[in-house]
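Enquirer: Dropping a prediction and its sequence here:
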Amino acid sequence: MKEIIEIYMSRGRNAEHFQLHAAILATVTEALATQYRISSVREKYATVFKMEDLIYLQNQAYANTKEMDAADKECDTHFLTFKSAVATYKNWPVEGKRIASEKLTFALDPFKNANGKPWAENRAMITNCLQVLRSDTYKAYVTELGLDEILVLLEAANNKCNDLMSDHLEEKRSREASDNLKVIRPQVDAAFELLRKAINAVYLMNELVDQNTDTEAEVGAVIDAVNKFLLGYSATLSRRKAGTKANVKPGEDVPVDPKPEEERPGEL
């Protein structure tokens, strides 16, 4: 059965932990949670993660704040330019371009408010959006409208934001922030564990009872995406010899990631 794998997250650094949960939260959208009646579980996860966001980002003063703001603005500008260009061809008299506009408008819909999201969620949504637009399903439509160049600019700007964010998050934190994160991180992990079980339950119920192909595809895609993030996180810890690498493929029956001999919150 396809399922979201279980890994131990306690040994990740604060930056790694923050980015992992931001990416997962952006993938498991409010709309999806509502559709499959797990909104309360996602809401709890989002609430405790927001506390981590507040502690980890908003309560700190950073030397590169202006540079980060400028990079974020540049990324948002490219994203909005792409959206605007796609909308321009909505009623275009040339059928090929009109169809391309319709297809890309549909592809952009889950990410349409990305530029208004908090920093980490913005980054994760833009990254996911780029993956969708460059997929075999949509890349020809991007080319049809002559928008490949703007995607290159958008990706470069988003990568710059991610690089700045990594530098930003790796700076030494104050003792108070460190202590607070040691409290909130296990709460975020516990809330994710409930969400993990809820999503797996939705997929299993559909597989055994409903057998709806649309549900199988949609929830299965979310499971694969979340597993990709978890496997990447696990691999990062393994390279640093801070944990055991999960060596399974998303979508397989998977074992629980072996528990480290000693668990401790991530270092700053």
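Expert: Arrived safely, thanks for sending.
Enquirer: What confidence value was assigned to residue 237?
Expert: pLDDT recorded at residue 237 is 89.
Enquirer: where exactly do the strands run in this structure?
Expert: Under the criterion DSSP state E, strands are not mapped anywhere in the chain.
Enquirer: Point out where it drops to low pLDDT.
Expert: The model of the chain has pLDDT under 70 over residues 57-64, 167-179, 241-268.
Enquirer: Now the residue of the chain positioned farthest from its centre: phi and psi?
Expert: Computed with CA atoms, centre = their mean, the residue of the chain farthest from its C-alpha average is residue 93, at 37.0 Å. The phi/psi pair for residue 93 (degrees, to the nearest 10) reads phi -70, psi -20.
Enquirer: In PDB, list the C-alpha atoms belonging to stretch 13-21.
Expert: Output of stretch 13-21 as PDB, limited to C-alpha atoms (Å, rounded to 0.1, in the frame of the first residue of the first chain):
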ATOM      1  CA  ARG A  13      19.000  21.400  12.300                       C
ATOM      2  CA  ASN A  14      16.500  24.100  12.800                       C
ATOM      3  CA  ALA A  15      16.800  25.300   9.200                       C
ATOM      4  CA  GLU A  16      16.200  21.800   7.800                       C
ATOM      5  CA  HIS A  17      13.300  21.200  10.100                       C
ATOM      6  CA  PHE A  18      11.700  24.500   9.300                       C
ATOM      7  CA  GLN A  19      12.000  24.000   5.500                       C
ATOM      8  CA  LEU A  20      10.800  20.400   5.700                       C
ATOM      9  CA  HIS A  21       7.500  21.300   7.400                       C
END
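Enquirer: Residue 55 versus the residue farthest from the centre of the chain, what's the distance?
Expert: The gap separating residue 93 from residue 55 is 54 Å, by CB to CB, to the nearest Å. (Each C-beta comes from the backbone N, C-alpha and C, glycine too.)
Enquirer: go on, residue 219?
Expert: From residue 219 over to residue 55 (counting by CB to CB), the distance is 32 Å.
Enquirer: contacts for stretch 75-88?
Expert: Stretch 75-88 is contacted by residues 101, 104-105, 108, 112, 114-115, 122, 126, 129, 145, 147, 150-151, 153-154, 157-158, 160-161 when judged by CB atoms under 8 Å, 6 or more residues apart in numbering.
Enquirer: Mind exporting the C-alpha coordinates of it to CSV?
Expert: C-alpha atoms of stretch 75-88 as CSV (Å, rounded to 0.1, in the frame of the first residue of the first chain):
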residue,chain,number,x,y,z
CYS,A,75,10.7,36.5,-7.3
ASP,A,76,7.1,37.7,-6.8
THR,A,77,7.5,40.1,-9.8
HIS,A,78,8.5,37.3,-12.1
PHE,A,79,5.7,35.1,-10.8
LEU,A,80,3.1,37.8,-11.3
THR,A,81,4.5,38.6,-14.8
PHE,A,82,4.1,34.9,-15.8
LYS,A,83,0.5,34.8,-14.5
SER,A,84,-0.3,38.1,-16.3
ALA,A,85,1.2,36.8,-19.6
VAL,A,86,-0.8,33.6,-19.4
ALA,A,87,-4.0,35.6,-18.7
THR,A,88,-3.3,37.8,-21.8
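Enquirer: So which bits of it are buried?
Expert: 75-76, 78-79, 82-83, 86 (16 or more other CB atoms under 10 Å).
Enquirer: for the stretch 101-250 of the chain, what spans make up the helices?
Expert: 119-133, 139-144, 148-169, 175-205, 213-239 (DSSP state H, counting those that start in this stretch).
Enquirer: So which residues make contact with the third one?
Expert: With contacts defined as CB under 8 Å, 6+ apart, helix 148-169 is touched by 14-15, 18-19, 56, 62, 64, 67-68, 71-72, 74-75, 78-79, 81-82, 85, 119-120, 123, 126-127, 130, 133-134, 142.
Enquirer: Could you pick out the buried ones from these?
Expert: By 16+ other CB under 10 Å, the contacts of helix 148-169 give 14-15, 18-19, 56, 68, 71-72, 74-75, 78-79, 82, 119-120, 123, 126-127, 130, 133, 142 as buried.
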